[in-house]
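1. Show me how the following folds:
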Amino acid sequence: MTTILITGANRGIGLEFVKQYAADGAEVIACCREPAKADELKAVKGKVRAMALDVGDPASVEALKKELGDRPIDILINNAGIGGPHPVTPGTLDMEAWLNVFRVNSVAPFLMALRFKANLKAGQKKKLVTITSVLGSIAESGGGNQPYRASKSAVNSLMHGAAKDWAKDGILVGIFHPGWVQTDMGGSGAPVKVEDSVKGLRARIAELNAASSGSYRDYSNRAIPW
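-> Here you go, the predicted model:
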């Protein structure tokens, strides 16, 4: 049975991942900050285990690692993220707010990768996935929302490096943009339904191989320039 760990699993793209994978019979470790309050998550049918995790808190990551121990994980999906300070007041920079965006969007996914690397190596599929954004593309940058854009560029770089460093361990790395999705972050006017985004992302994850590991693509398989 495939075991999948998903962060930010209580809403939006993360919740849809849980629903679709559980419906296919996978065993899902669904992580969010307050599982007791995640009513939609708790209502998902199937082999779903909701577990507490604040990705921005190293102690919380360690607690999850301790609880899961050496349990094999086939696919780890770094989905949790925040939008950060927006709009940014011209001529100002909120240092703590910016650092928190990087803590959650850039450092936390890499910390999760490091702490659960052994679990991935013990799994059969050995796939490390990070949900990023096209806004992290430097080549396609239109400016604005600097902390979010920069945090996604940073996590792209970290995961691209992990794909190179961990290839010898058989770990495959996916760096995927979900599209502009109808979620709390994307807004109701976004053109992509969450179900369609996750369906596409799951296809990208399923076909992830040594040749495509570390590449930067969207849910429809479009290659995104760095």
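2. mind listing what's buried in the longest helix along the chain?
-> Ranked by residue count under DSSP state H, the longest helix found in the chain is helix 146-165. Of the residues in helix 146-165, those scored as buried under the neighbour-count criterion (16 or more other Cβ atoms under 10 Å) are 146-156, 158-160, 162-163. For the C-beta atoms, the positions are set from N, CA and C on the backbone; glycine is no exception.
3. Also stretch 217-226?
-> 217, 218, 219, 224.
4. who's in contact with the longest helix of the chain?
-> Residues outside helix 146-165 that contact it (Cβ atoms under 8 Å, 6 or more residues apart in numbering): 83-86, 88, 97-98, 101-102, 104-106, 109-110, 113, 128, 130, 132-133, 135-138, 141, 171-173, 175, 213-214, 216, 226.
5. try 7 Å this time
-> Under the contact criterion Cβ atoms under 7 Å, 6 or more residues apart in numbering, helix 146-165 has outside partners 83-85, 88, 98, 101-102, 105-106, 109-110, 113, 128, 130, 132-133, 135-136, 138, 141, 173, 175, 213-214, 216, 226.
6. Please list the members of the residues you listed that lie in helices.
-> Reading helices off the contacts of helix 146-165 with DSSP H, I get 98, 101, 102, 109, 110, 113.
7. looking at it, residue 74 is touching residue 122, isn't it?
-> No. With contact defined as Cβ atoms under 7 Å, residue 74 and residue 122 do not form a contacting pair (9.5 Å).
8. higher neighbour count, the two?
-> With neighbours defined as other Cβ atoms under 10 Å, residue 74 and residue 122 compare such that residue 74 has more, 19 against 14.
9. Extract the CA atoms of stretch 174-190 and return them as CSV.
-> The C-alpha trace of stretch 174-190 is given here as CSV (Å, rounded to 0.1, in the frame of the first residue of the first chain):
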residue,chain,number,x,y,z
GLY,A,174,9.2,17.1,-8.0
ILE,A,175,8.9,20.9,-8.1
PHE,A,176,5.4,21.7,-9.2
HIS,A,177,3.2,24.8,-9.7
PRO,A,178,-0.5,23.9,-9.2
GLY,A,179,-1.8,26.7,-11.4
TRP,A,180,-3.9,29.6,-10.3
VAL,A,181,-6.4,27.6,-8.2
GLN,A,182,-9.8,28.4,-6.7
THR,A,183,-8.6,28.2,-3.0
ASP,A,184,-8.6,30.6,-0.1
MET,A,185,-5.2,31.9,-1.4
GLY,A,186,-6.1,31.9,-5.1
GLY,A,187,-9.5,33.3,-4.7
SER,A,188,-12.9,32.3,-6.2
GLY,A,189,-12.0,34.0,-9.5
ALA,A,190,-9.1,31.8,-10.2
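10. For it, which residues meet the burial criterion?
-> By neighbour count with 16+ other Cβ under 10 Å, stretch 174-190 contains the buried residues 174, 175, 176, 177, 178, 179, 180, 181, 182, 183, 185, 186.
11. who touches it?
-> Contacts to stretch 174-190, defined as Cβ under 7 Å, 6+ apart, come from residues 11-13, 83, 127, 129-134, 156, 159-160, 191-194, 197, 201, 204-205, 208, 215-219, 224.
12. Measure how buried residue 119 is and give me the count.
-> By the other Cβ under 10 Å criterion, the neighbourhood of residue 119 contains 20 residues.
13. what's the spacing between it and residue 64?
-> As for residue 119, its distance to residue 64 is 11 Å (criterion: Cβ to Cβ, to the nearest Å).
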